[in-house]
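Undergrad: A structural model of the following input is requested.
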Amino acid sequence: MPELPDLEYIAEYLQGTVAHRTIISAEIHKPVILRLAVAGSLQDAVAGKRIEGVKIHGPFLTMRMTDKLDLVVNLMVAGKIQHQRPGERPQGHRCLSLSLDDKTILNVCDPELMAKVYLVPSGEYGVIPKYQSQGTAITGKEFTLDRFLELASLHSRKQVRVFINDHTIMSSIGNAYADEILFEAGIHPKTFVARLSGEDRSRLYEAIHSVMEWGKTEVKKARKPIHEKVRDHMRVRNRRGEPCPRCGTKIRREGVRGHDVFFCPQCQPASRRLFVDWSKVGRPKE
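TA: Numbers count the residues shown, from 1 in each chain. Sure thing, here's the model as predicted:
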């Protein structure tokens, strides 16, 4: 799924290319993704509206339009947005297409049909599931070390991977960057927050900032079309069996609450006895 560095790149791109463009028409290919909180059809509601600006809120991408309407997109697991220029082919699995006055098209695509597009009156986000339950924004001024330590104390019984991945606590860290943050901080994903020392917690807070900034820089540097996910820079995510870039130990994969997590058992040692001690697996017998 697109994560915060991806979404910021998409929002910045759209702000520079489609903001102040007018929607000529809309074509719905897969109505199942649509949720309307206004009267009439989406086609009638958005035709002739100008896109005023683009912003993000957690995993939600919002296009503000004239006449006080917002088009809010949650791309979920497999969704993507394509800015199709004249002469380019549309991406597969289109769900919604917005034709603009410069002859370009915005396509929302999703082979899994899990993405959601909401059309709501501006600011009326209560009808959008999980929109208003987002936790402290990790890019906001309120995300101070003191605030992070407070959140850690409130959720000390959670495993640290669950803690930083919970959007109702911190908004928002996805699965890929959660793995990278814990690798940077040298913390095993199954460590309980209560077991983290003060130094661990400070290091984790700094890792959240540094890794997300690193991710934004890498995504921008790749200069890919906004429908392409940039993951080549990942150090542990989806690197199972590959050597750790720090110590050479094989990257391992485990499950945490139904999600795959990737980590280095040497650089991120377990703080408690686990079913599998990956730091010993594959070592020669003495």
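Undergrad: from here on, just use CA atoms for contacts and neighbour counts.
TA: Noted.
Undergrad: what stretches of the stretch 151-286 of the chain score poorly on pLDDT?
TA: Along the stretch 151-286 of the chain, segments meeting pLDDT under 70 span 272-286.
Undergrad: in it, which spans are strands?
TA: 170-171, 252-256, 259-263 (DSSP state E, counting those that start in this stretch).
Undergrad: between the ones you listed, which gets nearest to Met234?
TA: strand 259-263 (10.7 Å; C-alpha to C-alpha).
Undergrad: so for that closest one, what gets flagged as buried?
TA: For strand 259-263, a neighbour-count test (16 or more other C-alpha atoms under 10 Å) marks Val261, Phe262, Phe263 as buried.
Undergrad: how about stretch 70-81?
TA: Buried positions in stretch 70-81, judged by neighbour count with 16+ other C-alpha under 10 Å: Asp70, Leu71, Val72, Val73, Asn74, Leu75, Met76, Gly79, Lys80, Ile81.
Undergrad: just the endpoints, please. Distance across it?
TA: End-to-end distance for stretch 70-81, by C-alpha to C-alpha, to the nearest Å: 17 Å.
Undergrad: and for stretch 41-50?
TA: One end of stretch 41-50 sits 17 Å from the other (C-alpha to C-alpha).
Undergrad: tell me how far it is from the chain's mean position?
TA: 28 Å (C-alpha atoms, centre = their mean, to the nearest Å).
Undergrad: ditto for stretch 230-245
TA: Stretch 230-245 has its C-alpha centroid displaced from the chain centroid by 18 Å (C-alpha atoms, centre = their mean).
Undergrad: who's in contact with it?
TA: Stretch 230-245 has contacts (C-alpha atoms under 8 Å, 6 or more residues apart in numbering) with 6, 176-177, 179-180, 183, 218-219, 222, 224, 249-253, 261-264.
Undergrad: one more pass at 6 Å, please.
TA: Under the criterion C-alpha atoms under 6 Å, 6 or more residues apart in numbering, residues Ala176, Val219, Thr249, Lys250, Ile251, Arg252, Arg253, Phe262, Phe263 lie in contact with stretch 230-245.
Undergrad: what's the neighbour count on Pro86?
TA: Residues lying near Pro86 (other C-alpha atoms under 10 Å) number 10.
Undergrad: ok, and the closest non-adjacent residue to it?
TA: Once flanking residues are discounted, Pro86 sits nearest to Thr104: 6.1 Å by C-alpha to C-alpha, 6 or more residues apart in numbering.
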